[in-house]
Each structure stands twice: as structure tokens, then as C-alpha cells.
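With the sequence up front, the predicted model follows.
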Amino acid sequence: MTKVKICGLTEARHVRVAVDAGADAIGFVFAPSRRQVTADQAAELAVHIPQSVLKVGVFVNATQNEIQEIYETVPLDIVQYHGEETPEFIEKVGLPAFKAFSIKDSDDAKRASAYNATPLFDAPGVEFKGGSGKTFNWDILKETGFLERPFILAGGLNAKNVGEAIRQVNPVMVDISSGVEIEKRKDEQLIREFIKTVKLKNEER
């Protein structure tokens, strides 16, 4: 069963659409990005999210105090680390965690083994960390043995290719942001279509 995370939400209407369509997790970006929100903005958006849906905060090289303050303010369920955070730092913060890795080759994927956090494999970013809208070579995950372990897949996913992604590498969760946007803004129909596609793929398996 592959779950769905819709990331980079900044408007209440899009949060409600994602939740109503069956999203399993909603992601708020607190790092530099055109999708960045403040803790107070995320807290207002979180009002529309039931307890059954995970609230994930995306951070890039933030301090422990910043992370903990935002985690409590929103409040969040999971911290997604998208920078150069070390295994020791994540352990020190001590909160439920995803750790993102930009994948160019097998060495990038192998780095995930050092972390006590669910790995999120993404394509390398262009302007910001992640969010490039491009896929990476999924065969790398097969070569490095990650198909036997739980991981999250991101990078260039959309309703047209997510079914094949699930078939090939069977992630525990797929994470999408730009793939449900038109002209750099979330699109309600694309959000619904993506979630529906994943749910239908799950039913086929």
C-alpha cells in the first residue's frame, strides 16, 4: 500500500482538496522556496487537517531550536530534513523524521543507511533543495537494495508516471509538489487526479 503526500501547500482551499481526496500526509515548506510558509501560516492551514492525516514540515539546515519551535507551534507530526543534516543531529533533535537524499548515483542512495529516519529519495534540486520536477533513475534503488526497505519516492512524479513508479519500486509513500501545479500554483484537479491514480494502483495490487 503506497501512501500519498502532497507537499508545498500554501492555501487552505488546496489543503481541503488534498484531505478530501484522500491524501495521507500534507507537507509544509519552512525552507527558502516559492512555497515557503511561516509557522503561523502553517498553523492556520493545519486547522483543516484531521488527525488521521500527517502534517510534515520540510526544513533545510535549520537549528534544533527552530525545528522544535515550529514542530510545536503548527503542530507537526514529522520533520522532513532536506539539507546536510547529520545522523547525529537528527538523533539529537529526537523527533519523528524523514531524511531526503538527492539521487545522482548509487553512492547518494547508500548514504541513507547511516540514518535512523525514513529515507526520501528525490531528484537533485535546481534553484532550491528538491522540487526540480524531474525524475531520477529508479534503477539505482534496485541496485542498492532499497526495494527491501521502506522509503519515500519523490522527484518528477505526476498522475501519468506514478503508477509505473509504484510498479517498479513499490515505495511506502509518494511525495509530489510541482507535479500538481499549473503555472507554479497548486491545481485542485491535478491534486485529485494524482491521489486517485495512486489509490487505484493500490487496489490493483
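Received, thanks.

tell me the contacts of H48?
Residues in contact with H48 (C-beta atoms under 8 Å, 6 or more residues apart in numbering) are 12, 15-16, 19. Every C-beta, even on glycine, is put in place using the N, C-alpha and C of the backbone.

so is the one residue sitting closest to the centre of the chain in a helix, a strand, or just coil?
What sits nearest the mean C-alpha location of the chain, by C-alpha atoms, centre = their mean, is D175, with 4.2 Å. Using DSSP: H, G, I helix; E, B strand; the rest coil, the three-state assignment for D175 comes out as strand.

Bridged to it, which residues?
Bridge pairing for D175 (DSSP bridges) gives the partners K5.

That one touches G27, doesn't it?
Yes - contact criterion C-beta atoms under 8 Å: D175 and G27 qualify, at 7.1 Å.

Mind giving me the packing neighbours of the lowest-mean-pLDDT helix or strand in the chain?
Sorting the helices and strands of the chain by mean pLDDT, DSSP states H and E puts helix 139-143 at the bottom, at a mean of 91. If contacts are counted by 3 or more C-beta pairs under 8 Å, 6 or more residues apart in numbering; DSSP states H and E, helix 139-143 sits against helix 106-110, helix 162-169.

which secondary structure elements does the first one contact?
This means helix 106-110. strand 97-102, helix 139-143.

Same list (these) but as a markdown table, adding mean neighbour count and distance to C7.
Listed next are those as a markdown table, based on neighbours: other C-beta atoms under 10 Å; distance: least, C-beta to C-beta, whole Å:
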| stretch | mean neighbour count | distance to C7 |
| --- | --- | --- |
| strand 97-102 | 22 | 11 |
| helix 139-143 | 16 | 20 |
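
Give the rounded mean pLDDT of stretch 20-31.
For stretch 20-31, the mean per-residue pLDDT is 98.

Most neighbours out of the contacts of H48, which is it?
When neighbours are taken as other C-beta atoms under 10 Å, the top entry among the contacts of H48 is V15 (26 neighbours).
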